[in-house]
Each structure stands twice: as C-alpha cells, then as structure tokens.
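>>> just to be clear, the model below is a prediction. Sequence and coordinates:
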Amino acid sequence: MKRHLLEAADLDRADATLVLDTAAQIDQALAGREVKKLPTLRGRTVVNLFYEDSTRTRISFELAAKRLSADVINFSAKGSSVSKGESLKDTALTLEAMGADAIVVRHSASGAPHRLANWVRGSVVNAGDGTHEHPTQALLDAYTIRHRLGRLDGVRVAIVGDVLHSRVARSNVWLLTTLGAEVTLVAPPTLLPVGVGSWPVGVSYDLDAVLPKADAVMMLRVQAERMNASFFPSAREYSRRYGLDARRMAALPDEAIVMHPGPMNRGMEIAADVADSVRSTIVEQVGNGVSVRMAVLYLLLGGSTR
Amino acid sequence: MAGSPEPAASRTSTAGVLLAPADVARVVDRMAHQLIEKAGEQLPDLVLVGIPTRGAPLARRLAARVAAFSGTAVDVGTVDITLYRDDLRMRGVRALEDTVLPAQGIDGRLVVLVDDVLFSGRSVRAALDALRDLGRPRTVQLAVLVDRGHRELPIRADYVGKNVPTSRAQQVRVHLAETDGTDEVLVTEEGSRA
Amino acid sequence: MTYLIKGARVLGGDPADLLLADGRIAAIGDRLSATGATVVDAGGLVALPGLVDLHTHLREPGREDAETVETGSRAAALGGFTAVHAMANTDPVADTAGVVEQVWRLGRQAGLVDVVPVGAVTVGLRGERLAELGAMADSAARVRVFSDDGHCVADPALMRRALEYVKALDGVVAQHAEEPRLTAGAQMNEGHRSARLGLTGWPAAAEEAVIARDVLLAQHVGARLHVCHVSTAGSVEILRWAKSRGVQVTAEVTPHHLLLTEACAETYDPVFKVNPPLRTDADVEALRAGLADGTIDAVATDHAPHAVEDKESEWAQARPGMLGLEQALSIVVETLVEPGLLDWAGVADRMSVRPAAIGRLDGRGLQAHGRPLAPGEPANLLLLDPAARATVDPAALASRSRNSPYAGRELPGRVVATFLRGVPTVLDGKAVR
Ligand SMILES: [Zn+2]
C-alpha cells in the first residue's frame, strides 16, 4: 500500500483486493458482537478535515476510526479557522503540529488532497475532492458488488447519470476496471466528459439497451439545477430517458443489483419503488462503508511509520 | 540489490532439527491425552481456539486426536489477533486471517488457546484481549507445541509439547503439513536477526 | 563609457570584435582596439540583438508584493531583454494616459530595460467601451500596443471598432483569444486529462473561434491584429490560412507553451496553472513548427509573477500564470535551436526584430529596438553562452515571485551580458544593479 489514498489509481489489483479482503475479515470479526470496537489504532489520531458538508461520509469515517480506537478530531469548515481564510497549507501545518497520523479530507477543489499530501507526514485519505475522485466510495461499491454477486472479475457494471460532475463515477471507473469488472457509462453526451473515449470503459447514450446486459446498475445523483446550464432540457425529460423506474428495472437480469451512492433524488434518477426493492443495495452500501473505511485506516496506519 | 540473489554461503545460519515428522505426531498425541485428562468431566465444553497462522491447523489436529482417543467431538475455532497487537508499528500491516468460533460461542466454556511457539507472550495477550471481546469463557488455558522461553509477560502454558531453551539470537520455526508441506520444528542461528 | 567585446559570434557567425561607444555600435571587425575601453572577453559566446518582449506582467501599480517595474526589469535584463511591453491589467488598470505614463516613468527610473506600456482596449478591462486609446498613444509613453490581456475583447462589435480605431494611431490590438462562455470555470486544457483529473476543461475551440473571428474582422476593416499567446495547433492553422490571404495578423507564442504540456497538471501543483492552459504534445509540436516557419512571429513571455499565497493553494483557487523572462531564451534554445528548427538569425528575428516591429519600436534613433547588429545601430545586445547548462532554482531568480514552472529543470544557454544603449545591465551573468 502507498502511504496515501488519493485516488483509485493508488491501488493496484493486489492492494484493492487486500482492502476488500480486510474489510470482509473485519466484518466477520465484528459480526454479532455487542462491543464493535478493536484496539488496533489506540493512540493514533485521525482528523476529519471537511471543507464541504457531508454528514454521511464524515460519520462513516468517524465510526470507522472510533471502532479502531483511534482518537478522532473533526475539523469542519464551519466554525473553525478554516472559514476565516486560512490557507489549506496553513491548516495542514497546524494539523501536522498536532500530530495527526491520518487526515481524511473532503474538499470542493479537485486535487486538494494531493496538495495536502505534500505538506504533511501523516497519511491523507481522499473523502471526495471536487469532481475528481472519492476512492473509499468506490471501494465500498466494489465490496458491495463482490458481497452480493460473489465476484468482480467479469461483472458488468453500468454507471448511469452525471458522470461529468461525479467523483464517484471516476473512482469507480478506475477501481472496478482494476478489479476486472466491465464498466459501461450511460448518460446524455452533455454529461460525459470530453476525452471519455480514452477511458477503459464502454459508453452508451441508451439506458434501455444497456440494462439487459448489466449485473449491477449504479445510479448517480443528478442535480436538477444542471438543466439551467442546458446539460439537459428538463428534469422530466432526464428521468424519462435516464431514470431507473420499475419498468426499466424489470429488464435487468434476475440477479442484478441496483446501487446508489446517495443522497438520492427519488423520482429523478431513481424511482422510490426501485430504491426500496430487494435488488437495491443502498442501505447495505452505507454499512459496508464503515468496514471498508476501517480496512483503509488499518492498512494505512497499522503499519510501521515510514 | 534487485535481481541479485543472496549467495547461500553468506548466510551464517545453521539449522538443527528439533522435532522430526514422527516426533510432531507423537507430541500432538501426548498433548491430546493431557487435554482429555485435565478436562475430565468438562470435555464436552472444550473449545480449541487456534491463533493463526499455525495455531489454527494445530487446534484442528488436537481436536481430531482428542475425538479419536475419547470418542467425544470437541469444537474448534480460530481467532485472528492482528487487530489486537500492540506492536503493529514495529511489524507493519499484514492481511487479516479468519476469526471463526463455534456456533454455540464460547460463553461459559473451557477455551484452550492453541499456538505453535510461545516466546514473548505478546500474541497470547492479544488473543486474550480478542477473546474478551468475543465472549466470556469460564476458563481459558493455553496449549503450545514449543515453549522457547524469554517471556515478556506473566503468561505460562498449560500444555507444552516441548520445552526448548534457546538464546534470543536463535529462531524456532514450526512447519506443519497444512501450511508448509511437512511437519518439523527447526532451530536456526540467524546472525543478528532477533 | 566604451566597451570592446572580443571574439563574439554575431548571430552565431565567425568570431568578431564589437566596439560600443556613445550608446551605439561603433564598429564590428577583427582585432579591434580602443584605448580606455573596458574589454569583455566573449570567446565562445553568441551575440544577439537585445530581446524584445511583447507580453510582460510587471504588476506595478497594485501588486508590488508580486513584482515591481524594477524587479521585473532586472529579471528581463538577466534574460537578455532590452525592451518589454508591460501589460495593462494592473491596479489601477492602465487605461488612461496617467497610468501608462506612470509605468513608463518607473521603467526609466529602473533603467534596466525600456519599459513600453501597453494600454487597455476598454475601460477597466471590462469589455464595455473603448478606453482613451488616442490619449495613451499621444502620451509620453507613446503607446502602440493595446490589449485587455487577461480578458478577451469578446464583444465582436467592440473588437471591430477597436481594430478600426487604432489604425489612426499606427497601433495594434493584441487579443487574448478566449471565448468566455466556453471557458467558464475552466482550469486546464479540455481532453482526456481534464476528464480524469476532474478539472473543468478549457477547450481549444474557445481560442480558435476567437482567432478565426478576429482575423476575418481584421481583414474586413483592413487593420492590424496581434494574437497573444497562441496555444493550439488549430490556432496555428487559422493563422497560416489568414496570412496566406494577406490578413495583417501577427502572433506570439510563450516559452512555456513551447516546452510544457498538460501532463504537468497531474501533480495538481498550480505552478503549472496558466491561461491559456498548457496543451498537448501535438499542440507543442505545431507551435514549434509554426514559430520555425514564421506563421507565429514572436516569442513573448507572458511573464506573470504571483505571490506565494496565490500559488500555494488548491489548483482551482490559484491564479493562472508563470514566470518567463529569465528562462525564455534558454527554452527557445532547448526547443528550437538545439533540435535544428531555428538558427541564431531566426532567434534574433522571433525574439527581437519581429516583436520590435509589431510594437513599432524598430524606428530610427537611440530608442529603437530590434535593429540589426551593425555599425551605427543602437548598442542593444546580449551575449549568450549556448554551451552552458544550469538547473533552475526559483530562489535564485531576480523576480520578486517564485512561480517558475521550470524549477529543478536543467536548461541550456546562459545570458552572460546584456547591453542597453551601450551600457551593461548584466555582466558575468549578474545584474549590474
Ligand atoms: Zn493573456
């Protein structure tokens, strides 16, 4: 493992598999226990540095760190020096002086975790940076697929929606292909990045054509405001062409699963009955997130300090 | 250094065979008899919990021998101690191994931890911490194939296959058929490696 | 003060001696001697006419923490320049005679290069109405180049009027070609790298569309147009087409677009953030070829100093721009001279003669630049050691800022001496003051 987890490309196939295997072992070790706590990272300090509000991701990392007995400091943009114009570098040096062993960072600017990694000795974990990546989300998605379908090699995954602005999509593209899955991106052309042709994925504008050949469908959140910038004409037209409703879900193979990184826009990219169906892994994904993040923290911090 | 294999002559290690395959089988049999004798009435409550890597197959072997000699099937489990170690910073990360307990759990039972070599005692301490999180056994005992001394904690084994006085510079290596293809216990002198 | 330069290879030719006296080249020949002259040993050095930069951001007035006219002038002299055009996007904006005269006077005071102010095309660079271009042209600063650089004159009607109006001033509009609606929030070249890095793309078409429009406008109204910092292969194609049709268009390319590519963005280090952005290998190749065949007229630095806090940040928050004055010639040597695309006469043409002509600095008299190295001409020249190689250390730069994208890079060529009107501004590779 590298010292930091900044993007999915930091994980080769062996490392990614190690993370998933470790998460599975942790899941198994904690299953059915009353005390879901391990002493592994006692005395280590994990800082959650969140420049963007994301309660769900922060809580997931916080729980993961606490279950490994690390000390957790939440440093959010609101109500701290971060909001008073302190630069990322100054914040980094402050956290360094406090002895942070790991910094979990969420930032609206793509690449902010890469910058941070230049300025601190501890490990940096990217918890979502701009429209770049969100590697632990991809790990938990991969974990969920493997858990449900029993494998990743050769699994056909359709990622549907606003790929252009999605860090979840980017991380999944790189991680899932590293792990041998076949990824197809499905979106209106306006919501696919120029240059997507060089990615190791298939691209389709037609959801109905892709669904019968998908083992997993990952629906991305689509912000209705995008229509104001003419990415699509209206929410109704978007959901008609790219939304997953019960009729479309019926076109999936029997074992196929439906995923969503959350938060969902019910009725926009995903219909309520689809989100609540037995195919849906949405709740499971949240739980798996904690195990996967425990695995990441253990693998980054458990070892000898370099 | 890459690509240049270490010349064999530069190693200063000499290996001595402490237990040959037949010896290992004999020692395991003796330990099984001791377990039966000591457990007495409580034999049905016995759970043999191996500490990976080699404690796990050792526990399974002991269970098989206990069953063969006593006619009573005993439960087997494994407990991975990696996440309980207090020396991760020195050792570096490694892949986790299975923690598997019998369906009835370990509450109120006679748990015997099984490991290959007893040295500093730190692995056993980590295993005791792990067990505490997994249930509340009535009694916990310890069985090891080799006790080589040099304890750093107040821990002793209840069942010992073989006591081997060693120096700290020496290494004791247990090989089992399940993990290494053959049964044997070696003592090696390995220069400065501690 | 007279100087006798011994054994310099003028434009890379055979070694010759140059005698500088009274601000002019008094003589060029073999074994010259002059009593009382200071002798400069130029064995192995190449003599080139003093370089002229069409595009320099000196930051004064307004951001003296990033650069001043004096520190920027020193950096220019060390790079072999004897004249630089100071861009108008200062604070206040150089959109009146008062501001351009202030910059011009600061340049005279520093005395290290001729600082030639550029006037803003529109009031406050806002792209709404013309600034008083005539007043700036008639001022002591004698402005001939007008530019809203940093901003595109995006309104086509306004651009047409500007092109027409400066005809009366013998001026030229230097366009920063960037269609703003296509580059909202843009961070780097749009392509497979921007897609992967999650940085909003700056499409080549946003530059090419404006250049295409402007060459048509320039042709229509019969005006001169200069295109700043051309960065794409498509732009080179459009310029080649326009020149073949007789349009009075000239263009410049920056050193960084001749050397660096968008791959630099992968570090997310904003020292590589610049506008227009670094492009692809194919673009770099087309720019080198365009400069070599003369489609692109000039190398211009777009020297853009930024304070540390404006660069040591997240990529998106950082300001675009990079230093260029001190390494410009080295990069031209590396990317064009050493590969055989341009000889020394070509370097003199693209870095001195043509930029001076575009800025109308090539007239007669001691204030002229870009003149041939010949007896009677102003003694504006530099001596270059083409064999020297050195690693760029930002801390050692004369600029007040440190945002050099070449940090740690070994580059060829060392400016040993620069003379402005016969007076050394650089000797032994060091600024005289
Ligand atoms: Zn510009």
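Received it, and whenever you're ready, just let me know what you need.
>>> for the nearest residue to residue A:117 once chain neighbours are set aside, give the beta-bridge partners.
Spatially, and ignoring its direct neighbours in sequence, residue A:117 is nearest to residue A:124 (4.4 Å; C-beta to C-beta, 6 or more residues apart in numbering or on different chains). (Each C-beta comes from the backbone N, C-alpha and C, glycine too.) Beta-bridge partners recorded for residue A:124 (DSSP bridges): residue A:103.
>>> longest single helix anywhere in chain C?
In chain C, taking DSSP state H as the definition, the longest helix is helix C:204-221.
>>> the helix or strand that that helix is followed by: partners in the sheet, and parallel or antiparallel?
Note on helix C:204-221: by DSSP states H and E, the next helix or strand toward the C-terminus is strand C:225-227. Neighbouring strands of strand C:225-227 in its sheet, by DSSP bridges, are strand C:172-175 (parallel), strand C:249-253 (parallel).
>>> the residue nearest to residue A:117: how many residues sit nearby?
Using other C-beta atoms under 10 Å in any protein chain shown, residue A:124 is surrounded by 26 other residues.
>>> may I see the buried residues of the longest helix of chain C?
Buried residues in helix C:204-221, counting neighbours by 16 or more other C-beta atoms under 10 Å in any protein chain shown, are found at C:204, C:206-219.
>>> surely residue B:49 and residue B:60 touch.
No: counting by C-beta atoms under 8 Å, residue B:49 does not reach residue B:60; the two are 11.0 Å apart.
>>> related to what we said a few turns ago, and of the strands paired with strand C:225-227, who's closest to the ion?
strand C:172-175 (8.8 Å; C-beta to the ion).
>>> from the rest of the structure, what touches the next helix or strand after that closest one?
Next helix or strand after strand C:172-175 toward the C-terminus (DSSP H and E): strand C:188-189. Strand C:188-189 is contacted by residues C:194, C:197, C:199-202, C:204, C:262, C:265, C:273, C:277-280 when judged by C-beta atoms under 8 Å, 6 or more residues apart in numbering or on different chains.
>>> if you set the cut-off to 10 Å instead, what comes out?
Residues from elsewhere that reach strand C:188-189 (C-beta atoms under 10 Å, 6 or more residues apart in numbering or on different chains): A:110, A:195, C:194, C:197, C:199-204, C:231-232, C:261-262, C:264-266, C:272-280, C:283, C:315, C:320.
>>> mind splitting chain C into its structural domains?
Domain assignment of chain C by automatic domain parsing yields the ranges C:3-46+C:376-431, C:50-358.
>>> make a markdown table out of those and add distance to residue B:65 and mean pLDDT.
Below are the domains of chain C laid out as a markdown table (distance: least, C-beta to C-beta, whole Å; pLDDT from 0 to 100):
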| stretch | distance to residue B:65 | mean pLDDT |
| --- | --- | --- |
| domain C:3-46+C:376-431 | 67 | 97 |
| domain C:50-358 | 59 | 97 |
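>>> return the most buried member of the ones you listed.
Sort the domains of chain C by mean neighbour count, taking mean count of other C-beta atoms under 10 Å in any protein chain shown, and domain C:50-358 sits at the top with a mean of 22.
>>> span of that one from start to end?
Taking C-alpha to C-alpha, to the nearest Å, the first and last residues of domain C:50-358 lie 15 Å apart.
>>> what of stretch B:113-132?
13 Å.
>>> residue closest to the middle of chain C?
Geometric centre of chain C, nearest residue: residue C:300, 2.5 Å, by C-alpha atoms, centre = their mean.
>>> give me phi/psi at residue B:106?
With angles defined as degrees, to the nearest 10, residue B:106 sits at phi -120, psi 0.
>>> which residue packs closest to it, ignoring adjacent ones?
Nearest residue to residue B:106 in three dimensions, chain neighbours excluded: residue B:135, at 4.1 Å (C-beta to C-beta, 6+ apart).
>>> the one you found and residue C:423, how far apart?
Separation of residue B:135 from residue C:423 (C-beta to C-beta, to the nearest Å) stands at 91 Å.
>>> what does residue A:182 give?
Shown here: residue A:182 relative to residue C:423, a distance of 71 Å by C-beta to C-beta.
>>> do the same with residue C:324
Taking C-beta to C-beta, one finds residue C:324 at 24 Å from residue C:423.
>>> cool, and residue A:271?
In terms of C-beta to C-beta, residue A:271 sits 80 Å off from residue C:423.
>>> cool, residue C:228 as well?
31 Å.
>>> with residue C:314 instead?
45 Å.
>>> backbone phi and psi for residue C:158, please?
Taking degrees, to the nearest 10 as the convention, residue C:158 sits at phi -60, psi -40.
>>> so where's chain B uncertain?
B:1-14, B:89-92, B:190-194 (pLDDT under 70).
>>> nearest residue to the middle of it?
Central residue of chain B (C-alpha atoms, centre = their mean): residue B:115, 1.1 Å from the mean position.
>>> that residue: what's it in contact with?
When contacts are taken as C-beta under 10 Å, 6+ apart, residue B:115 is in contact with B:49-56, B:58-59, B:81, B:123-124, B:127, B:142-146, B:157, B:174.
>>> who touches both of residue B:49 and residue B:60?
Residues touching both residue B:49 and residue B:60 by C-beta under 10 Å, 6+ apart: B:76, B:78, B:114.
>>> quick one: the last one is in a strand?
In other words, residue B:114. Yes: assigned with DSSP: H, G, I helix; E, B strand; the rest coil, residue B:114 falls within a strand.
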